[in-house]
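J.: need a structure here:
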Amino acid sequence: MRPTAPVADDAAVALLRQQVPEFEDLYRDLLDIYDEDLTAAIVFMELADFVADLMIHHEHEELLERTLEVVERVVAGSSSGGQLVRESFLAELSVLTTERLRPMLGPATVELLDSTGAPGGFTP
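T.: Have a look, this model is predicted:
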């Protein structure tokens, strides 16, 4: 039986799916793999890979901005949203990717990143 996820986690995934429909295929792949064991943490780990891939393909700037806006809204929405982003999204990004993303991150996400105390937010 799947542990009950915090409402904020479910809302974060719903917001992501609504605002970034380009992520939906990856979400469905995760659902196929994890079924009822799929958590928001797993989804946001996959989102980190999605964002890292977007950084490579510069023609997807609008999609990257929209995705990072969702991340900002999740962080700003609640402390559990901040924890989700810190532990499942930011922790999955390399220091180089994090530093390249920094100018595009919202203020709440930058504050969260800076609160980790490591260069770029996290160690590789």
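J.: which residue ranges form the helices in this protein?
T.: Assigned by DSSP state H, the helices in the chain fall at 7-19, 24-34, 40-56, 61-77, 79-84, 95-101, 107-114.
J.: Any chance of TSV for those, columns mean neighbour count and mean pLDDT?
T.: Bear in mind the C-beta positions are built from the backbone N, C-alpha and C, glycine included. What follows is the helices of the chain, written out as TSV (neighbours: other CB atoms under 10 Å; pLDDT from 0 to 100):
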stretch	mean neighbour count	mean pLDDT
helix 7-19	17	89
helix 24-34	13	96
helix 40-56	18	96
helix 61-77	18	96
helix 79-84	19	92
helix 95-101	17	93
helix 107-114	18	95
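J.: Would you confirm that Thr116 contacts Leu90?
T.: Yes: the criterion here is CB atoms under 8 Å, and Thr116 meets it with Leu90 at 7.5 Å.
J.: Which of the two has more residues huddled nearby?
T.: Remark: of Thr116 and Leu90, Leu90 carries more neighbours, 24 against 15, as counted by other CB atoms under 10 Å.
J.: shouldn't that one be in contact with Leu112?
T.: Yes: contact criterion CB under 8 Å: Leu90 and Leu112 qualify, at 7.1 Å.
J.: shared neighbours of those two, anything?
T.: With CB atoms under 8 Å, 6 or more residues apart in numbering applied, the contact sets of Leu90 and Leu112 do not overlap.
J.: Quick check on Leu93: phi, psi?
T.: phi -90, psi 140 (degrees, to the nearest 10).
J.: what's the burial count for it?
T.: For Leu93, the neighbour count with other CB under 10 Å is 22.
J.: ok, for it, nearest residue in space, not its chain neighbours?
T.: Ala48 (5.2 Å; CB to CB, 6 or more residues apart in numbering).
J.: mind listing what that neighbour touches?
T.: By CB under 8 Å, 6+ apart, the neighbours of Ala48 are 88-93.
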